[in-house]
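> could you work out the structure for the sequence below:
(one chain, ligands or ions: 1)
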Amino acid sequence: MATSGRKPIIAANWKMHHDHLVAIQVVQKLSYRLEKDDHEECDVVVCPPFSDLRTLQTLIESDKIPIALGAQNCHWEDQGAFTGEVSPPMLKKLIVEYVIVGHSERRQLFGETDETVNKKLAAVLEHEMAPILCVGETLEERESGRTEARVVEQTRAALRGVKADAAAPCVLAYEPIWAIGTGRVATPDDANETIGAIRGVLRDLYGETADTIRIQYGGSVKPGNIAELMLMPEIDGALVGGASLDPDDFARIVRYRV
Ligand code: PGA
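Numbering: from 1, shown residues only. Model prediction:
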């Protein structure tokens with residue numbers, strides 16, 4: 001457990017990689033490489049494409065693997081004429097515990113807005129799963145000194161209407177867009193400072209509950225930089241893209257203390 005009292009959470013965002021057959025191999029390898037202690041120290045989540053979820057549910061349940069399943073997106077309605085979408089209750093039935101909401105790729109490539117992110121977040125909470133809410137600035141916003149203002153604005157917009165008791169399960173991920181998939185990583189001090197600003201919003205909205213909400217850093221997290229990031233008092237974990245595809249690398253990230 002970190003000195004903050006918050007249990008670290010490290011999540012793999014596979015994005016559109018690994019079909020269900022590869023997914024089985026990767027999760028099996030992860031389960032061999034991670035030990036009981038690792039799971040006691042840190043929540044481990046794998047967010048595969050939708051088409052892998054049913055297969056991984058079966059594997060995780062039958063082999064009693066202590067890895068949680070996450071989805072990368074969802075719709076906010078329970079059902080309806082929404083071709084191509086997947087609803088929160090459908091995910092819940094597949095033992096999905098986390099849903100990434102508002103990833104920058106969804107915002108930039110698939111037209112998600114603060115408003116749809118807010119609806120999705122509320123729907124995920126309503127179905128008793130934990131959203132992993134992503135916020136982060138573009139390079140342009142960073143260079144013009146608007147990092148903090150941007151993440152504060154995104155955080156407030158996404159949490160609009162969410163009360164303190166409902167907000168407790170939320171996980172946030174600060175993901176500077178210029179650091180995603182680029183090999184450029186925010187310095188630990190920088191990431192810590194911006195995450196501190198996000199926690200400031202949570203304190204303003206939710207008082208003491210804010211100190212229990214976990215905030216991850218994401219953007220080019222690798223086995224070689226995770227330890228220094230995790231030393232920072234505000235950083236409670238990581239959302240890992242590229243380096244999560246290889247089970248050896250991802251296991252090394254989860255085992256950053258070892
Ligand atoms: P990356 O992706 O680790 O490949 O930078 C992180 C993410 O997009 O969540």
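
> please, where are all the strands along this protein?
9-13, 43-47, 68-71, 96-101, 130-135, 171-174, 214-218, 237-240 (DSSP state E).

> so which of those comes closest to Thr55?
strand 68-71 (10.6 Å; C-beta to C-beta). (Each C-beta comes from the backbone N, C-alpha and C, glycine too.)

> and that closest one, which strands flank it?
strand 43-47 (parallel), strand 96-101 (parallel) (DSSP bridges).

> in a markdown table, list those along with distance to Tyr256 and mean neighbour count.
As requested, these are exported to a markdown table (distance: least, C-beta to C-beta, whole Å; neighbours: other C-beta atoms under 10 Å):
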| stretch | distance to Tyr256 | mean neighbour count |
| --- | --- | --- |
| strand 43-47 | 12 | 25 |
| strand 96-101 | 20 | 25 |
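
> for the residue in the chain that the ligand sits nearest to, which non-adjacent residue is spatially closest?
Among the residues of the chain, Gly241 lies closest to the ligand, at 2.2 Å counting by C-beta to the nearest ligand atom. Of all residues not flanking Gly241 in the chain, Asn13 sits nearest, at 5.0 Å (C-beta to C-beta, 6 or more residues apart in numbering).

> go on, Glu61?
Ile95 (7.0 Å).

> need the contact list for the one you found.
Each residue near Ile95 by C-beta atoms under 8 Å, 6 or more residues apart in numbering is listed here: Gln57, Ile60, Glu61, Leu69.

> try 7 Å this time
Contacts for Ile95 (C-beta atoms under 7 Å, 6 or more residues apart in numbering) come out as Gln57, Glu61, Leu69.

> just Pro247 next, same as before
Counted by C-beta under 7 Å, 6+ apart, Pro247 has contacts Val26, Lys29, Leu30, Arg33.

> go again with 10 Å.
Ala12, Gln25, Val26, Val27, Gln28, Lys29, Leu30, Ser31, Tyr32, Arg33, Leu34, Val46 (C-beta atoms under 10 Å, 6 or more residues apart in numbering).

> alright, that wraps it up for me.
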